[in-house]
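Participant: pasting the sequence and the predicted model now:
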Amino acid sequence: MSERFFLYDDLEDTKTRFVSFMGDNQRFDLALIRSDRYYGKQLVLDIQGSRFAIIGTDDLDEEGYLEHVFQLEEEDAAELRSFLYEVI
């Protein structure tokens, strides 16, 4: 077997916040991971839906972004967007 070629292999301190809240139609179970790697953006993991994205306020402003990334209906995405505006 040939030697493994790494593009990068970094160890970084992160701050992780686990939060769960109930929207009008569904429950959100999230992990928000903050590090220096993503230029001020946070890694947002939807634990129940097995989806994740690197999100900043510019992404929250992009129409249809949360709907696409987290496979949400418009109303559910609006609830998630409202929460993320508060914490990002």
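Facilitator: Sure thing, it's come through.
Participant: enumerate every residue touching residue 65.
Facilitator: The contact partners of residue 65, by CB atoms under 8 Å, 6 or more residues apart in numbering, come to residue 59. For the C-beta atoms, the positions are set from N, CA and C on the backbone; glycine is no exception.
Participant: ok, which stretches of this protein are helices?
Facilitator: 57-61, 65-70, 74-87 (DSSP state H).
Participant: burial of the closest residue to residue 84 other than its chain neighbours, as a residue count?
Facilitator: Distance criterion CB to CB, 6 or more residues apart in numbering; nearest residue to residue 84, sequence neighbours excluded, is residue 60 at 5.8 Å. Neighbour count for residue 60, taken as other CB atoms under 10 Å: 15.
Participant: please renumber so the chain begins at 28
Facilitator: That works, and once the first residue is 28, the last one we named lands at residue 87.
Participant: isn't residue 87 right up against residue 112?
Facilitator: Yes - using CB atoms under 8 Å, residue 87 makes contact with residue 112 at a distance of 6.0 Å.
Participant: and stretch 38-53, end to end?
Facilitator: Its first and final residues considered, stretch 38-53 spans 35 Å by CA to CA, to the nearest Å.
Participant: which parts of that stretch are buried?
Facilitator: Of the residues in stretch 38-53, residue 50 count as buried by neighbour count, 16 or more other CB atoms under 10 Å.
Participant: ok, residues contacting that stretch?
Facilitator: The set of residues external to stretch 38-53 that reach it, using CB under 8 Å, 6+ apart, is 54-64, 100, 102-103, 106-107, 110, 114.
Participant: what do you get for stretch 66-77?
Facilitator: Identification of contacts with stretch 66-77 by CB under 8 Å, 6+ apart yields 54-62, 78-83, 86, 97-98, 111, 114-115.
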